[in-house]
Structures are given as C-alpha cells and as structure tokens.
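1. here is my input; please provide its structure:
(one chain, ligands or ions: 3)
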Amino acid sequence: MSKECFNCKCEESESNPLMPEEFYKNLFLCHNCRFSEEIKQWRVKMEQTDPLYRRYVDLITAGFKMNCPSCGKETNRNPKFIGHSPVWELCCTKCSEVDYKKISPYKYDLTKWHELYDGFIKGKLELNESWGEILELEKSSNIPKHKCKCGGEFSMVAKPRCLNCKTIVINSIFHVCDGYYA
Ligand SMILES: [Zn+2]
Ligand SMILES: [Zn+2]
Ligand SMILES: [Zn+2]
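-> Ligands and ions are numbered 1, 2, ... in the order given. Sure, this is the predicted structure:
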C-alpha cells in the first residue's frame, strides 16, 4: 500500500517527502503540510481531545512551570534530552541536586533508556509496573555512580525533587526540575 499525506492526501515524492507524525506514528505528513496552519490547528484540537497526546506535549515542554505537590513552591521541569542532543543529567536519590556532568550515549549504552523514555512520554510505560525491570537495568549498566554531598547518589533512577522541601515533584526518571525560569 502506498503511503499518503494525512492532510492533503498526496503520495510520497522526492520533492515533497512524507514523514511520520511525531506522536501518531502511523500518520504521515508531507513536507508542505507539516508546518501548515491546518496542521497547527489540528494539533491544538488533539491536545484538547486526546489526553495521551496532551500528556505527551506537556512532558516534552521545556520550561513548563509547575508547583511542588507538597509545599506549593513553583519549580519547573525540563526534558532530560531533546532530539539531537540525547544526553542525560542525573538527579540525586535524596535531595534536589542535579549532576550536570552529562551522561553521553557515545560513552555509555543508553539505547534501552531511550526506549523507556519514548514509551513513557507516549503513555505506554507505567513506571511503577516496570520498576523492577528499570532497577535491574540500572544495576547492570556501567554508568558511574557519584555520591552527592547530602549522602545520596546521582542515579538514572532518581526522580526530581523540590528545591525547597525535597519532595518528589514529578513521578518521572526522565525529567529534571532545575528551578530555572526563562
Ligand atoms: Zn500534505
Ligand atoms: Zn516543595
Ligand atoms: Zn543529594
């Protein structure tokens, strides 16, 4: 079956190639339509009608402001890696410190972590359900374990904590909250 653009129904051509839509992978968009006003409006509509898509958009938004669920102080969250810079920053297991010495995929095998990230932001991975598997992966990886000055450890499986009260602010091992406001 030949692929066609979801929006204008054109077929794959050299001058106007088709690309899978980033969230709805089985939908294809041609180069001309990808950034069109129609598709912009379609995305807005999907955000309002599809909770999974809404979640996806929220989770990848840099500088998204949120409040600590415990003390109410404002913090913000950022994706750990975006597109062409797939490096990871590690949170501390006990406090709000973040290790900004980036873990690079050119040095460590992060394939499985990237797969988990992808599943997580698309709502296909339940963190609690897969927690045992994630801990095993962490244990078997050769990513160096640095101690934090608080006594905790910078880890791939640490969740970001509030700068103020140290409560976990987002149930994700794929995001950091760094308290930086643009
Ligand atoms: Zn098109
Ligand atoms: Zn707090
Ligand atoms: Zn710490």
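2. okay, strands next: where are they in this structure?
-> Applying DSSP state E to the chain gives strands spanning 18-20, 28-30, 64-67, 74-79, 88-92, 98-103, 146-147, 153-155, 175-177.
3. let me see the domain layout of this structure.
-> 1-49, 63-177 (automatic domain parsing).
4. what is the longest helix along the chain packed up against?
-> What stands out as the longest helix in the chain, according to DSSP state H, is helix 37-49. Applying 3 or more CB pairs under 8 Å, 6 or more residues apart in numbering; DSSP states H and E, one finds that helix 37-49 makes contact with helix 51-60. All C-beta atoms are positioned from the backbone trio N, CA, C, and that covers glycine.
5. which residues does the helix it packs on contact?
-> Outside of helix 51-60, the residues that reach it under the criterion CB atoms under 8 Å, 6 or more residues apart in numbering are 23-24, 46-48, 64, 79, 82, 120-123, 172, 175.
6. from these, which one has the minimum pLDDT?
-> Minimum pLDDT across the contacts of helix 51-60 is recorded for I82, with 58.
7. so what's N142 up against?
-> Y108.
8. how about C148: what's its closest non-neighbour residue?
-> The shortest distance from C148 to any residue other than its chain neighbours is 4.2 Å, reached at C92 (CB to CB, 6 or more residues apart in numbering).
9. show me where pLDDT drops low in this structure?
-> 1, 81-85, 178-182 (pLDDT under 70).
10. still on that earlier bit, which among the contacts of helix 51-60 end up buried?
-> Among the contacts of helix 51-60, those classed as buried by neighbour count (16 or more other CB atoms under 10 Å) are 23, 46, 64, 79, 120-122, 172, 175.
11. get me the contact residues on the protein for ligand 2.
-> By CB under 5 Å from the ion, the part of the chain that sits against ligand 2 consists of 68, 70-71, 162, 164-165, 167.
12. and if we set it to 8 Å?
-> For the chain, the residues found near ligand 2 under the criterion CB under 8 Å from the ion are 68-73, 75, 162-167, 169.
13. run through those residues and flag the ones next to ligand 3.
-> Applying CB under 8 Å from the ion, the subset of the residues of the chain next to ligand 2 adjacent to ligand 3 is empty.
14. ok, of those residues, which come out buried?
-> The neighbour-count criterion (16+ other CB under 10 Å) marks 68, 75, 162-164, 166, 169 among those as buried.
15. so which of those belong to helices?
-> Among these, none falls in helices (DSSP H).
16. around ligand 1, pick out the residues from the chain.
-> Where proximity means CB under 8 Å from the ion, the interface of the chain facing ligand 1 comprises 5-10, 16, 18, 29-34, 36.
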